[in-house]
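Peer 1: quick check, what structure comes out for this input:
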Amino acid sequence: SPPALVEVRGEVVMPRAGFARLNERLAAEGGKTFVNPRNAAAGALRQLDPGITAQRPLKFFAYALGARRGWPDSVQLEDHILLMRQLGDWGFVVTELLQECADEAACLAYYEAMQSRRDGLDFDIDGVVYKVSQLALREELGQVARAPRWAIAHKFPAEEAVTTLNDVEFQVGRTGALTPVARLEPVFVGGVTVSNATLHNMDELRRKDVHIGDRVVVRRAGDVIPEVLRVLPEQRGEVRAVALPTHCPVCGSEVEQAEGEAVARCSGSLICAAQRREGLKHFASRRAMDIEGLGSKLIDLMVDAELLHTPADIYRLDVDTVAALPRMAEKSAQNLIQAVEASKQTSLARLLFALGIRDVGEVTAAQLAEEFGDIEPLMSADLERLIQVPDVGEVVATRIRHFFDDARNRELIAQLRALGLSWPVPRARPQQGPLMDQSFVITGTLEGMTRDEAKARIIDAGGRVSSALSARTDFLLAGEKAGSKLQKAEKLGVPVIDLVALEKMLRG
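Peer 2: Residues are numbered from 1 along each chain as shown. This next block holds a predicted model:
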C-alpha cells in the first residue's frame, strides 16, 4: 500500500461500453439519457448522493502524485515511468497506452498511432500529452498560471459539421470586450448539439468573410469550445453583413476600439450590467477570492435584485437577505455567508487577481505582490517603477496605473479593507543596504543554505527576489543543477553569481 496521506491524481472516465449500458437502463426507466460519455461522467461526479455515483460505470486512471506525507526513503522515483509503475504496484489503474519517446519524431509517430487507434479504444480521447519524464527537470521548468512548462497537449483534428448561421449577437465581457457570437441552426457535432459558437472578434469575422445567412463549417475546438471554422461561399444565397455595434447592447454606452487592437470594448465600465456581472463572477471565482457557493447563477440573481453592484457589496450580504432569494434557504444562506467571511482572510496576490485589472493574470498578480508587499506602495508606484517588475512591460504597467488612478477603484479597495479584508504583510523592505534595488533570481541547489534563506538575506540587504528571469534581472544566483535558467541568463547577458560572490556583495 502507498505511504500514509498520499494524494493520487488522475482522470475519471466512463468507458463506452458502460456508457451504452447506462443509457439503455435510463431509457428503460423512462429517465433522461446522456449525449456522450464525458457528460455522463461529469454528471455522475456531481451527484449529491454518493450511492448514485457508485452505481455509475466510472473508471479512475491514476497519472500523478500530489501532496504526500510520510514518504519512505526506500521509494525513489526519478521519472514518470517509474512513478506509473509504482502507482500500478499500489493497485491503481494506470493507462496501458503510456509510451516513452526519445525525440520529436517518436512523439509524432506516437500521435499518429493513437489517432488511428482512437475509435477502437473503450473510452474517448481527444489527443495526446507529451511530458518531460524526469521529475527533477519538471521541478526546474515550473509552470505558468494554469499550465506546466513541462507538458503540452497535441489535440486530434476536431469533428466538423455544416449548418446555417442564423444571426450574430454581441456578448459583453468583464473588461468590456464585445465578442461576436454566432447563433446557428442546431447541429450535432463532437458528441453534442451546437447552436452557438464563438467568432472571437471583428477582425477574425472579416477574415473569414462571415455573413448572416451563410452556410458554415462548425467544429468544437479541442472537442470543447464550438467555433465557426470557415464559410462555404459556394453555397451562399441571400445574406447580410455583420456590423459592429456603435453602442453597447447592454448599457447603451459608446463602443470604442483602440487603434491597432482587434477587440472593441464598451466604454460603460461599472455602469454596464454585463461588465459588473462578469467582474463579480471573476472576483468570487476559485482562483480569485474563492467564495464557495457564490456561483454564476446566484450572482445573476443578486445583480437582478440590485443587491450587488461592486465586489464590496458581497461583504455586506446577510443571511436573511440571501435566504429571501429564489431557490435559497436559510441553511444554504448561512453556508454562503460563512464562505464570504472566510474569504476575508486572503493574500495580496489573490486580491490583485480578483480586482480584474486588465492583463494582470495570476502570475503577474503574484509578481506584483512579491515586489511591493502591500497594496499602498503598488497604488502609488509610477510607470518607471512598475516596469521594473519582471514580466511587466509598458502596456501592462500603463493599465495598472490607469486602474489605480480611477477614484472608483481606490474607493472600492478602501471599502474592502473597511469591511474586513486583510492579507499578510511581509516585513518592510529596508530603505538602504548593499543590494539596494538590485533584482535577483535564484536557481539550483545552494550548498549550506536553502533558497528561502538566501531570499531573506537578499531582501534584508535591500534587494528584490523574483521567480521570473528577464533582461531586467541584475543577477542570477545559481547553485548545483541550475538548469534552463542558467542557459537563459547566459543568452540574456545576465551576470551569474554563486553563494561566495553573494556573501561578498552582502558585506558591501
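Peer 1: make it CA atoms for all contacts and neighbour counts henceforth
Peer 2: Noted.
Peer 1: quick one: which helix or strand includes the nearest residue to residue 432 once chain neighbours are set aside?
Peer 2: Taking Cα to Cα, 6 or more residues apart in numbering as the measure, residue 432 lies nearest to residue 462, with 5.9 Å between them; neighbours along the chain are not counted. Take DSSP states H and E as the rule and residue 462 turns out to sit in neither a helix nor a strand.
Peer 1: starting from the lowest-mean-pLDDT helix or strand in the chain, tell me which strands it pairs with and how they run.
Peer 2: In the chain, no helix or strand scores lower on mean pLDDT, DSSP states H and E than strand 464-466, which sits at a mean of 82. Sheet neighbours of strand 464-466, with direction, are listed as strand 439-443 (parallel) (DSSP bridges).
Peer 1: just for the stretch 401-508 of the chain, where's the confidence low?
Peer 2: 426-430 (pLDDT under 70).
Peer 1: and residue 461, how many neighbours?
Peer 2: Using other Cα atoms under 10 Å, residue 461 has 23 other residues around it.
Peer 1: so which elements touch the helix or strand where residue 376 lies?
Peer 2: When secondary structure is defined by DSSP H and E, residue 376 falls within helix 375-380. Counting contacts by 3 or more Cα pairs under 8 Å, 6 or more residues apart in numbering; DSSP states H and E, helix 375-380 is packed against helix 362-372.
Peer 1: hmm, 7 Å instead?
Peer 2: When contacts are defined as 3 or more Cα pairs under 7 Å, 6 or more residues apart in numbering; DSSP states H and E, helix 375-380 packs onto no helix or strand at all.
Peer 1: does residue 168 sit in a helix, a strand or a coil?
Peer 2: Per DSSP: H, G, I helix; E, B strand; the rest coil, the local secondary structure of residue 168 is strand.
Peer 1: and it, how far is that from residue 254?
Peer 2: Relative to residue 254, residue 168 is positioned 19 Å away (Cα to Cα, to the nearest Å).
Peer 1: okay, the two: which has more neighbours?
Peer 2: Neighbours per residue (other Cα under 10 Å) separate residue 168 from residue 254, with residue 168 holding more: 23 against 14.
Peer 1: phi, psi for the nearest residue to that one once chain neighbours are set aside please.
Peer 2: Counting by Cα to Cα, 6+ apart, residue 168 lies nearest to residue 182, which is 4.7 Å off, once chain neighbours are set aside. Here the main-chain torsion angles of residue 182 (degrees, to the nearest 10) amount to phi -80, psi 130.
Peer 1: now do residue 240
Peer 2: Comment: the main-chain dihedrals of residue 240 come out as phi -140, psi 150, following degrees, to the nearest 10.
Peer 1: and the pLDDT at the nearest residue to residue 378 once chain neighbours are set aside?
Peer 2: Counting by Cα to Cα, 6+ apart, residue 378 lies nearest to residue 372, which is 5.9 Å off, once chain neighbours are set aside. The confidence metric pLDDT takes the value 88 at residue 372.
Peer 1: what ranges do the strands span in the stretch 151-300 of the chain?
Peer 2: For the stretch 151-300 of the chain, the strands identified by DSSP state E, counting those that start in this stretch occupy 151-155, 160-172, 178-189, 192-198, 215-221, 225-231, 255-256, 265-266, in order along the chain.
Peer 1: now render these as a markdown table, adding distance to residue 333 and mean pLDDT.
Peer 2: Output for those, formatted as a markdown table (distance: least, Cα to Cα, whole Å; pLDDT from 0 to 100):
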| stretch | distance to residue 333 | mean pLDDT |
| --- | --- | --- |
| strand 151-155 | 41 | 94 |
| strand 160-172 | 29 | 96 |
| strand 178-189 | 34 | 95 |
| strand 192-198 | 34 | 91 |
| strand 215-221 | 38 | 89 |
| strand 225-231 | 33 | 91 |
| strand 255-256 | 38 | 92 |
| strand 265-266 | 34 | 93 |
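Peer 1: so which of those strands gets nearest residue 476?
Peer 2: Closest to residue 476 of the strands of the stretch 151-300 of the chain, according to Cα to Cα: strand 151-155, at 25.3 Å.
Peer 1: what residues sit buried inside that closest one?
Peer 2: Of the residues in strand 151-155, those scored as buried under the neighbour-count criterion (16 or more other Cα atoms under 10 Å) are residue 155.
Peer 1: and the closest residue to residue 203 other than its chain neighbours, what are its phi and psi?
Peer 2: Leaving aside its sequence neighbours, residue 203 sits nearest to residue 262 (Cα to Cα, 6+ apart; 5.9 Å). Recorded main-chain torsions at residue 262 are phi -80, psi -20, according to degrees, to the nearest 10.
Peer 1: my guess is the residue nearest to residue 168 contacts residue 167. True?
Peer 2: Yes: in this structure residue 182 lies within contact range of residue 167 using Cα atoms under 7 Å: 6.1 Å.
Peer 1: neighbour count: those two, which is higher?
Peer 2: Neighbours per residue (other Cα under 10 Å) separate residue 182 from residue 167, with residue 182 holding more: 24 against 18.
Peer 1: contacts only, for residue 376.
Peer 2: For residue 376, no contacting residues are found, by Cα atoms under 7 Å, 6 or more residues apart in numbering.
Peer 1: ditto for residue 166
Peer 2: Residues 183, 184, 185, 212, 213 are the ones in contact with residue 166 under the rule Cα under 7 Å, 6+ apart.
Peer 1: and for the very next helix or strand once past the least confident helix or strand of the chain, what's in contact with it?
Peer 2: Sequence-wise, the next helix or strand beyond strand 464-466 is strand 475-478, with elements assigned using DSSP H and E. Contacts with strand 475-478, where a contact means Cα under 7 Å, 6+ apart, come from 439, 440, 441, 442, 443, 444, 494, 495, 496, 497, 498.
Peer 1: who does strand 475-478 pair up with?
Peer 2: Strand 475-478 pairs in its sheet with strand 439-443 (parallel), strand 496-497 (parallel), by DSSP bridges.
Peer 1: next structured bit after the shortest one?
Peer 2: It refers to strand 496-497. Following strand 496-497 in sequence, per DSSP H and E, is helix 499-506.
Peer 1: that older thread, ok, the residue nearest to residue 203 to residue 461 distance?
Peer 2: Between residue 262 and residue 461 the computed distance is 45 Å (Cα to Cα).
Peer 1: just the strands of the stretch 151-300 of the chain: most buried one?
Peer 2: Most buried of the strands of the stretch 151-300 of the chain, by mean neighbour count (mean count of other Cα atoms under 10 Å): strand 265-266, with a mean of 24.
Peer 1: neighbouring contacts of that one?
Peer 2: Taking contacts as Cα under 7 Å, 6+ apart, the residues outside strand 265-266 that touch it are 176, 177, 178, 248, 253, 254, 255, 256, 257.
Peer 1: element containing residue 25?
Peer 2: Once you assign secondary structure using DSSP H and E, residue 25 falls within helix 16-28.
Peer 1: counting by contacts, list what that helix packs against.
Peer 2: Packed next to helix 16-28, using 3+ Cα pairs under 7 Å, 6+ apart, is no helix or strand.
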